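# Fold the following.
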Amino acid sequence: MNNKTTCFLWNLRQFSTLAPRRMLWLVHPLGLCRRQIVHPSWNPRNPLLNDFDNRSQSSVRYLFQSALNFKSIDDDLQTNGIRTATVPAADRLLCSRTLPLDSKHSFFSVGKSGDGLKKRHVHHEATNEATVVKETKPNYGNLSHEYNSLSDVLDAFSKAPTFPSSSYFLTMWKIAKRMSKDQKHFEKQLMFNHPAFNQLCEHMMREAKIMHYDHLLFGLNAMVNLGIPQNTLLVQTLLRIAQERINECDEKCLSILATVLVSMEPCKNVDVLRAGLRILADQQVWKIERIFTLQAMMKCIGKDAPIALKKKLEMKALRELDRFSVLNSQRMFEVLAAMDHRSITLLNGCSKMVLDSIYGCPFKNLVSILQACKDLHYRNVALFKGIADYVAATFDIWKLKQVLSFLLLFEAFGFRPTHLMDLFMKKVVDEPDFLNVKTTEAILRVYSSLNHLHQGQSKEFLDRMAGALTGSLHQISSDDLLQAVCSCCVMNHFPLAAINQLLQKDVVSELLTSGNVERNIYKLRLLKTCLELDDTPYCKSSDIPLPPVPAIPQHPNAKVEGVLSSLMGGEGCFSKNVQLPHNYHIDFEIRMDANRSQVLPFSDADTDSSAADTQRVAVLCVRPSSYCLESTHPRGLLAMKMRHLNIMGFHVILVNTSEIERLEMKDAITWLKSKIYSIEALPSADVNLQSTY
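As a prediction, this is how the structure comes out:
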């Protein structure tokens, strides 16, 4: 008797929930209708986010039967025929969270009355198995092996739906992960067109407040991965309920929620959930036990999170560093880049772990590590060298496009992996079919920037590249053609067919009036200088109409100037800020005898500075970025300038401004003296001087 009374009272409460006093029916032009339930804005269940209803209203799309039509465009799913209405951020759902633990059913089904309006009926007894949602706790891991397609899952739902509905979405996502790209796209189209799909979405919305919180988040994550549009009522409702119940988060739920938010586009509901997650992260960071959960939260909080929170998460990660697995250490680079936090200590520790277990590391992880290092401006030569040596040692297992991806990332750091670049040059010569417009331009950019040409393969390699460039002239853009030709010129190679097309009047006019005009002018000047100074049969450089070069104030390095004054006994023996033809500038010029054993007096009265018995010395103060990373190898533009200065009769001396600043004056004088004077002219005590460069 008591059980019957309890059941009756519980069902009565459910019925009262289904028929709130303040309810409106809205009729849409499609002949469909929905009810709008007016509810208070304050939510006692979630004091953390209870001001959300006071926010401005958002525009979301609604899921109705026959209202979802998806169309394939470039392998993307798009919606058509879905009306957009402005409503509060989320409606109150038609079910209560206070479902008794001993209940066996969720008493909801969907029917239609004679006038076509949807009505929701309460079933007091299980009279029809097809319309009663049984409350079960399915094994998510096993369900995906019972079905072969997404439609099979929906068919099973339509026959006997079980609680919770999130299990169906999770099962479909697991099945989709096993499919090829084309098959997945086709199956998703069938899923959206399946007659039971909208019913499943309605069941999910009704059950969202009473299912376990982790089931809710798993279902939401599966929907996002299945491609259900984020601005649908289904997804936005689940986001809102996730906000209301965010205080139910345990460590597992935090991990799922962080993973979901990372994959979603910014919107009001997502932003509010992320703000709530930041608060929970700040409160629970020291209680987190799983490294994966910690990294998921770090990745989710975003670049605009408070620095204090970033520091707290960093300290937690450093405390757990000894527990990091190989995958944890590889993933930490991407995590730190996602939160835009450059922790040198953490990066150094993870770099060592990556190097210790680099063999077998997949391509995706290695590229992710290098991309994160680029985003964080983190340069670890040992890490770069270890990755380059690993790729070179396993060169045959990589595709050429994958190796090129590594080289492009290395070029961004200025790192020159000589052995890997030599192997790649040889492979390109042997397999020229790999070359197209995009790869040719990328290869030329990498090799010209890093100033790398293997002595025995350079001519054949450059001929291959020039041939590929010539064969692509009919489809290459003006900007790409200019970039590719300039890269060839930096390497002292001149593909005449490409240059002839580039210097046509209409092409030059397009470059000077569209795109990045300033960059185009700079590259056209570079091309003109190379054609005039280098040994090339092309003689039409004067046809390039370029604006005059603006005067740029130069400020030579004061430390180097002081060293030269002390070494030569005053400023009369050298000149500074020397402007040369072809837009070249040198910081200091010294005139010496032909053997570079004696400095000649420098004055404006000098009659013939180009006499055979006079050697002009150019001292260039260069930044560390002008060299390849952690080496004395000059990069492409500096090497080209040195080549042109040699043609103009100069002996070039490079001074690394960063290194010279660290030296004491006495040591700096000794070092520069060894560079200016020839070895024969130096005293025996100075002959064995070691360069700090």
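# going forward, measure contacts between C-alpha atoms and count neighbours the same way
Will do.
# which residues touch E202?
L234 (C-alpha atoms under 8 Å, 6 or more residues apart in numbering).
# Next, it: secondary structure please.
Following DSSP: H, G, I helix; E, B strand; the rest coil, E202 is assigned to helix.
# Can we start the residue count at 14 from this point?
Taking 14 as the first residue, the last one we looked at is E215.
# could you measure it against A209, distance?
Remark: distance between E215 and A209 (C-alpha to C-alpha, to the nearest Å) = 10 Å.
# excluding its backbone neighbours, what's nearest R287?
Closest residue in space to R287, ignoring its immediate chain neighbours: I314 at 6.6 Å, by C-alpha to C-alpha, 6 or more residues apart in numbering.
# The one you found and L290: what is the separation?
Counting by C-alpha to C-alpha, the gap from I314 to L290 is 7 Å.
# Kindly report the same for Y640.
Y640 is 45 Å from L290, by C-alpha to C-alpha.
# can you check H487 too?
53 Å.
# the more surrounded of those two?
L290 (23 against 9; other C-alpha atoms under 10 Å).
# other SSEs contacting the strand or helix carrying the more buried one?
According to DSSP states H and E, L290 maps onto helix 281-297. On a contact count with 3 or more C-alpha pairs under 8 Å, 6 or more residues apart in numbering; DSSP states H and E, helix 281-297 meets helix 246-257, helix 264-275, helix 304-313.
# Next, the angle from that helix to helix 304-313.
Counting by axes from the mean of the first three to the mean of the last three C-alpha atoms, to 10 degrees, helix 281-297 lies at 130 degrees to helix 304-313.
# so how far is helix 281-297 off the chain centroid?
23 Å (C-alpha atoms, centre = their mean, to the nearest Å).
# All the helices of the stretch 414-563 of the chain, residue numbers only.
431-443, 450-462, 471-484, 491-503, 509-515, 518-526, 530-546 (DSSP state H, counting those that start in this stretch).
# follow-up on the earlier one: got the buried residues for the helix holding L290?
Across helix 281-297, burial judged by 16 or more other C-alpha atoms under 10 Å covers K281, N282, V283, V285, L286, R287, A288, G289, L290, R291, L293, A294.
# What is the burial count for N361?
The burial count for N361: 14, using other C-alpha under 10 Å.
# just R219 next, same as before
Count around R219 with other C-alpha under 10 Å applied: 19.
# so it is in which element?
helix 210-220.
# quick one: average pLDDT of that helix?
Averaged across helix 210-220, pLDDT comes to 92.
# S171 contacts H207, doesn't it?
No: counting by C-alpha atoms under 8 Å, S171 sits too far from H207 to count as a contact (10.4 Å).
# in the strand or helix carrying L650, what counts as buried?
Assessed by DSSP H and E, L650 sits inside helix 649-660. Buried residues in helix 649-660, defined by neighbour count with 16+ other C-alpha under 10 Å: G649, L650, L651, A652, M653, K654, M655, R656, H657, L658.
# Which pair of the residues you listed spans the longest distance?
G649 and L658 (14.3 Å; C-alpha to C-alpha).
# ok, the closest residue to L359 other than its chain neighbours to V237 distance?
Of all residues not flanking L359 in the chain, L331 sits nearest, at 6.4 Å (C-alpha to C-alpha, 6+ apart). In this view, L331 and V237 are 32 Å apart by C-alpha to C-alpha.
# next one: L642
For L642, the distance to V237 - C-alpha to C-alpha - is 42 Å.
# And these two? Which one has more around it.
Set side by side, L642 and V237 show more neighbours around L642, with 21 against 18, by other C-alpha under 10 Å.
# So which residue is dead centre in the chain?
With distances taken as C-alpha atoms, centre = their mean, Q384 lies nearest the centre of the chain, 6.7 Å away.
# Shouldn't that residue be within a helix?
Yes: applying three-state DSSP, one finds Q384 inside a helix.
# isn't it right next to L422, touching?
Yes: if you go by C-alpha under 8 Å, Q384 and L422 touch, sitting 7.0 Å apart.
# farthest pair in the buried residues of helix 281-297?
Between any two of these (C-alpha to C-alpha), the greatest distance is 19.8 Å, for K281 and A294.
# L247 and C214 touch, don't they?
Yes: between L247 and C214 there is a contact under C-alpha under 8 Å: 6.6 Å.
# Comparing those two, which residue is more hemmed in?
Here L247 and C214 are compared on neighbour count by other C-alpha under 10 Å; more neighbours surround L247, at 23 against 20.
# Next one: the more buried one relative to R344, how far apart?
Counting by C-alpha to C-alpha - L247 and R344 are separated by 32 Å.
# CA atoms of the helix holding R219 as PDB?
Coordinates of each C-alpha in helix 210-220 appear next as PDB, following Å, rounded to 0.1, in the frame of the first residue of the first chain:
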ATOM      1  CA  PHE A 210      17.000  11.200 -35.100                       C
ATOM      2  CA  ASN A 211      14.800  14.100 -34.100                       C
ATOM      3  CA  GLN A 212      13.100  11.800 -31.500                       C
ATOM      4  CA  LEU A 213      16.500  10.900 -30.000                       C
ATOM      5  CA  CYS A 214      17.300  14.600 -29.800                       C
ATOM      6  CA  GLU A 215      14.000  15.300 -28.000                       C
ATOM      7  CA  HIS A 216      14.600  12.400 -25.600                       C
ATOM      8  CA  MET A 217      18.100  13.700 -24.900                       C
ATOM      9  CA  MET A 218      16.800  17.200 -24.000                       C
ATOM     10  CA  ARG A 219      14.100  15.800 -21.700                       C
ATOM     11  CA  GLU A 220      16.500  13.500 -19.900                       C
END
